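[1] have a look at this fold, sequence not included:
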C-alpha cells in the first residue's frame with residue numbers, strides 16, 4: 001500500500017508534474033444516450049456504473065465554514081443488485097450548538113419511455129431525517145421509479161462549521177466509474193495535510209496556488225477516468241484499507257499569526273484527558289469506590305483481581321451498541337440504568353481497576369470496519385472505540401467489557417485491528433494487538449443408516465473464543481437467518497435447532513437431521529461419503545490471479561470435524577478411504593484426515609490447524625494446495641456391500 005502525505009504549505013514539486021489541463025467541476029449535461037446503455041463498458045457484469053462523480057470541498061471566506069458539494073450520476077443496469085444506489089443517506093455532524101446543515105438537494109430518476117427521456121423528481125415526502133446519536137443525524141431519501149436501465153442523478157451541499165477534518169472519500173469503490181473527481185479549495189492562510197492512500201494515480205491533477213472567489217487559494221484537484229470496480233479477495237477483514245482514498249486534516253492557519261493544528265499523539269492524549277466526556281469522567285473516582293464489587297480486596301493475585309473486576313463489569317452492564325471514545329450520558333447514569341455505550345462501560349472498568357491498585361489505562365482503537373489507524377498522521381478521528389489495558393510484570397493484557405463472551409486477551413472480532421493507542425496519564429504509546437488465542441470449531445455428527453437408505457442423526461456446531469463471539473453476533477443480527485444457513489449450506493433437513501451461549505462463553509447450535517440423498521445404491525452396494533454433509537466440496541482458495549492482500553483469519557484456529565455412523569446390519573465394509581496428513585515446513589498450516597472402523601461404526605476425523613491470525617500474501621499458494629488436498633480427501637467414499 002502506498003501512502004503519500006501532502007502538506008499544503010510545502011512545495012509539491014516532488015509529488016506532481018505539470019498537470020494536463022482539464023475542466024474540473026463541470027458536470028456534463030444529461031445525455032439521453034446514457035439511458036440506452038445496455039451494460040458497463042468497464043465491466044459487462046456490473047449492476048451499476050458511475051457516469052460522473054464529483055466531490056468538492058471549499059472554505060467559504062465569508063462564513064469561515066467548510067462547504068461540501070456532491071454531484072453523482074449513476075447508471076442502473078440491474079436494480080436488484082444495485083440496492084446501495086437506490087437509497088441515499090447523508091450524515092450530518094452536531095457538537096453542542098454547532099451543527100452541519102444540508103441544502104440544495106436535487107435528485108432525479110431518468111427513464112426512457114417511448115423513446116423519450118422522462119425525469120422523475122424525488123419528492124419532499126420521501127426525504128426524512130433520523131437522529132442516530134447525540135453527535136449524528138442522517139438525512140435519507142429513496143429514488144422513485146427506478147428500473148433496469150434508469151439513470152439516477154443527485155446533488156447536494158453541506159455547510160459545516162467543522163474545519164478540522166475533511167471526510168475521507170473513497171475513490172475506488174465496488175462500482176466501476178467512467179469519471180471521478182476530488183477537489184479541495186482552501187484559502188492560502190488555511191493549510192491542510194492531504195492523505196492519499198492507495199495504488200491508483202489520477203489522470204488529471206492540479207496542486208497549485210490560484211486566485212479564486214476574490215482571494216488566493218490553494219487547490220488540490222484529482223480526476224480519474226475509467227476506474228474498474230474494486231475486486232475483493234476472500235479472507236480480508238476490511239478491504240477499504242487497500243482502496244484508493246483521499247482525506248484531509250487541518251494543518252495550520254495564518255491570520256495575524258501562525259497557528260498549528262496538526263497533532264502529535266501526545267497532544268491528543270492531553271486533549272482527551274482534558275475532555276469532559278473522557279478525562280473528566282475518569283476523575284470521578286468516588287464512583288469507583290462506591291461501586292467496587294465485594295471481595296476484591298481479598299484477592300492477592302493481580303490477574304485474578306483484574307479478572308474479577310472485569311467479570312463484574314461485563315456481567316452487570318449491557319452495551320447499547322454505540323461506539324466512540326466519549327461517554328454519552330455519563331458513567332453515573334450508566335451505573336443507574338445498567339446500560340451504556342462503549343466508552344462508559346470500558347472507562348468505568350479502567351476506573352475500577354485503578355481503584356483496586358492495578359495499573360490500568362484506556363486503549364483507543366479503530367474497529368475493523370472503521371479502518372486502520374494512521375500512525376504517521378495522528379488524529380483523534382482515526383479511532384472510534386476504547387477498551388481497557390492493564391500492565392503487569394509479564395506485559396500488557398486487554399479487556400473489552402462490551403461483550404458478555406469476552407475474557408482477558410479474548411476480544412470481540414471487531415477489536416483486532418493491528419494496533420491501538422494507549423492513553424496513560426504520563427505518556428502515550430502504540431500497542432501492537434495480535435490475537436494469539438486459538439479459536440476452536442467443533443463440527444460433530446452422529447448418524448445411523450436406516451433400512452430404507454436414508455441417514456438420520458444429530459449434529460452440533462460449537463465455536464470457542466473469537467469465533468464464538470463472531471457466531472453470536474451473527475445470531476443476534478438475525479436468529480432466523482442464522483438457523484436457515486444450515487439447510488442452505490448443506491441441503492439437509494435440519495429440525496429442533498437450538499443455538500445458545502454456553503456458560504464458558506462458547507456458542508453452540510445443536511439439531512437433528514435426516515436425508516435421503518447421502519447414499520447411492522448400486523446393486524448390493526451402498527456408496528457413502530463418511531463425511532456425510534461435512535465434506536469440503538470446494539476450495540475457498542480458488543483465486544486465479546495473483547494474491548494482492550494479507551490473508552486474515554481474525555484468529556488462529558483449529559477446526560475439527562468428527563463424524564460417527566453405524567454400519568447397517570447385514571453390511572460389511574468393502575473399501576475404505578485412505579487417511580492422510582499434510583503440514584507446511586514451518587508447521588504453520590496442518591491438515592489431517594483419519595478414517596477408522598471401530599466395531600460396527602465408522603469414525604472419521606478431519607482436522608485443520610492454522611497457528612497465526614493472518615499471513616502475508618506469499619502464503620496463498622500453500623493454502624491453496626492444502627485446501628485442495630483437504631477437498632480431495634473429504635470427497636472419498638466408503639463402499640458397503642451386503643453380506644450374502
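    Sure thing, it's come through. Computed from a predicted model, the values in this text were never measured in an experiment.

[2] and the residue nearest to residue 464 when sequence neighbours are not counted, what does it touch?
    Take residue 464 and drop its neighbours on the chain: the residue closest to it by C-beta to C-beta, 6 or more residues apart in numbering is residue 440, 4.4 Å away. C-beta here means a position set from N, CA and C on the backbone, and glycine is covered the same way. When the contact criterion is C-beta atoms under 8 Å, 6 or more residues apart in numbering, the partners of residue 440 are 462-465, 467, 557-560.

[3] now for the residues you listed: which two are most distant?
    For those, the maximum inter-member distance is 13.9 Å, found between 465 and 560 (C-beta to C-beta).

[4] give me the more crowded residue out of these two.
    Neighbours per residue (other C-beta atoms under 10 Å) separate residue 465 from residue 560, with residue 465 holding more: 25 against 16.

[5] please report the distance of that one from residue 226.
    Using C-beta to C-beta, to the nearest Å, residue 465 is found at 45 Å from residue 226.

[6] then residue 532?
    Residue 532 is 49 Å from residue 226, by C-beta to C-beta.

[7] the residue nearest to residue 464: helix or strand, and which one exactly?
    Residue 440 is located in strand 439-449, with elements delineated by DSSP states H and E.

[8] ok, whatever helix or strand comes next after that strand: who's next to it in the sheet?
    Downstream of strand 439-449, the first helix or strand assigned by DSSP H and E is strand 455-463. Here strand 455-463 is paired, per DSSP bridges, with strand 439-449 (antiparallel), strand 507-515 (antiparallel).

[9] can you put those in JSON lines and add distance to residue 208 and mean pLDDT?
    Output for those, formatted as JSON lines (distance: least, C-beta to C-beta, whole Å; pLDDT from 0 to 100):
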{"stretch": "strand 439-449", "distance to residue 208": "53", "mean pLDDT": "97"}
{"stretch": "strand 507-515", "distance to residue 208": "57", "mean pLDDT": "97"}
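
[10] of all these, which one is nearest residue 121?
    strand 507-515 (48.9 Å).

[11] what sits up against the closest one?
    Against strand 507-515 from outside (C-beta under 8 Å, 6+ apart): 405, 445, 454-463, 468-469, 471-472, 475, 483, 486, 492-502, 533.

[12] quick revisit: so can I have CSV of the strands paired with strand 455-463 showing distance to residue 67?
    Shown next, in CSV, are these (distance: least, C-beta to C-beta, whole Å):
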stretch, distance to residue 67
strand 439-449, 48
strand 507-515, 48
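
[13] residue 472 versus residue 190, what's the distance?
    Relative to residue 472, and taking C-beta to C-beta, residue 190 is found at 47 Å.

[14] what about residue 532 and residue 226, which has more around it?
    The residue with more neighbours, out of residue 532 and residue 226, is residue 532; 22 against 12, by other C-beta under 10 Å.

[15] distance between the ends of stretch 140-150?
    End-to-end span of stretch 140-150 (C-alpha to C-alpha, to the nearest Å): 20 Å.

[16] could you list the buried residues of it?
    Buried positions in stretch 140-150, judged by neighbour count with 16 or more other C-beta atoms under 10 Å: 141, 143, 146, 149-150.

[17] which residues of the stretch 401-550 of the chain fall in helices?
    Using DSSP state H, counting those that start in this stretch, the helices assigned to the stretch 401-550 of the chain run over residues 465-477, 479-490.

[18] for the first one, packing partners?
    Using 3 or more C-beta pairs under 8 Å, 6 or more residues apart in numbering; DSSP states H and E as the contact criterion, the neighbours of helix 465-477 among helices and strands are strand 439-449, strand 493-501, strand 507-515.

[19] and the residue most central in space within the chain, how far from residue 240?
    For the chain, residue 369 is the residue whose C-alpha lies nearest the centre (C-alpha atoms, centre = their mean; 2.9 Å). To residue 240, residue 369 is 8 Å away according to C-beta to C-beta.

[20] what of residue 128?
    Separation of residue 128 from residue 240 (C-beta to C-beta): 28 Å.

[21] tell me which of the two has more neighbours.
    Counted by other C-beta under 10 Å, residue 128 and residue 240 do not tie: residue 240 has more neighbours, with 19 against 11.

[22] in this structure that one contacts residue 371, no?
    Yes - using C-beta atoms under 8 Å as the test, residue 240 is close enough to residue 371 to be in contact (5.6 Å).

[23] hang on, the earlier thing: could you give the angle of the strand holding residue 440 to helix 465-477?
    Comparing the axes of strand 439-449 and helix 465-477 via axes from the mean of the first three to the mean of the last three C-alpha atoms, to 10 degrees yields an angle of 70 degrees.

[24] how far does strand 439-449 sit from its chain's centre?
    30 Å (C-alpha atoms, centre = their mean, to the nearest Å).

[25] next one: stretch 541-557
    Distance, stretch centre to chain centre, for stretch 541-557: 16 Å (C-alpha atoms, centre = their mean).

[26] and that stretch, end to end?
    End-to-end distance of stretch 541-557: 17 Å, with C-alpha to C-alpha as the criterion.

[27] next one: stretch 194-210
    Length of stretch 194-210, first residue to last, C-alpha to C-alpha: 18 Å.

[28] now stretch 197-207
    With C-alpha to C-alpha as the measure, stretch 197-207 spans 17 Å from end to end.

[29] quick one: buried residues of that stretch?
    Across stretch 197-207, burial judged by 16+ other C-beta under 10 Å covers 197-198, 200, 202, 204-207.

[30] closest to residue 357 among these?
    For the buried residues of stretch 197-207, the residue nearest residue 357 by C-beta to C-beta is residue 197; the value is 42.9 Å.

[31] the closest one and residue 377: what is the separation?
    Noted for residue 197: a distance of 10 Å to residue 377, by C-beta to C-beta.

[32] pLDDT weak spots in the stretch 51-200 of the chain?
    Along the stretch 51-200 of the chain, segments meeting pLDDT under 70 span 132.

[33] strands of that one, start to end?
    Along the stretch 51-200 of the chain, counting by DSSP state E, counting those that start in this stretch, strands occupy 66-76, 87-95, 98-99, 101-113, 116-121, 127-131, 136-142, 151-160, 165-170, 177-187, 190-197.

[34] dump these into a markdown table; add distance to residue 547 as well.
    Supplementary listing: those in a markdown table, determined by distance: least, C-beta to C-beta, whole Å:
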| stretch | distance to residue 547 |
| --- | --- |
| strand 66-76 | 31 |
| strand 87-95 | 33 |
| strand 98-99 | 45 |
| strand 101-113 | 40 |
| strand 116-121 | 45 |
| strand 127-131 | 41 |
| strand 136-142 | 37 |
| strand 151-160 | 35 |
| strand 165-170 | 22 |
| strand 177-187 | 25 |
| strand 190-197 | 20 |
